[in-house]
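Student: Sharing a model that was predicted from the sequence below.
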Amino acid sequence: DDDSKVVGFISAISDGVFSAYIPLLEVRAHARGRGIGLQLLRLMLDRLSQLYMVDLTCDPDMLGFYENLGMSAATGASLRRPNALSFKVSGE
């Protein structure tokens, strides 16, 4: 049953002193719109509140979600190599 399955997760990488990066915040498609991602991000930002900077990268259509929690747009660069994955990335 769905009550015993993980529907979302967040992770952060930090030096514990100055900065952190949030590489993943994911909520399964069927569980979106219930505030799960919002709660995960709030908990993580609270846990990292002593740090000077917390960065993440997101798609443009998700920027408003992060801005609502006090984050601001920044310039960055990324490289994605889907063929390097040993599993298939799909919508679910």
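Tutor: Ah, there it is. Numbering: from 1, shown residues only.

Student: where's residue 45 relative to residue 71, distance?
Tutor: Residue 45 is 8 Å from residue 71, where distance means Cβ to Cβ, to the nearest Å. Bear in mind the C-beta positions are built from the backbone N, C-alpha and C, glycine included.

Student: overlap in contacts of those two?
Tutor: Common neighbours of residue 45 and residue 71, counting by Cβ atoms under 8 Å, 6 or more residues apart in numbering, are residue 54.

Student: Where do the strands of this structure begin and end?
Tutor: 8-14, 19-27, 53-56 (DSSP state E).

Student: and of those, who's closest to residue 79?
Tutor: Residue 79 lies closest, by Cβ to Cβ, to one member of the strands of the chain: strand 19-27, at 13.8 Å.

Student: helices or strands up against that closest one?
Tutor: strand 8-14, helix 36-47, strand 53-56 (3 or more Cβ pairs under 8 Å, 6 or more residues apart in numbering; DSSP states H and E).

Student: For the spatially most central residue of the chain, list the residues it contacts.
Tutor: Residue closest to the mean C-alpha point of the chain, counted by Cα atoms, centre = their mean, is residue 25 at 2.6 Å. Residues near residue 25 by Cβ under 8 Å, 6+ apart: 8-10, 37, 40-41, 44, 56.
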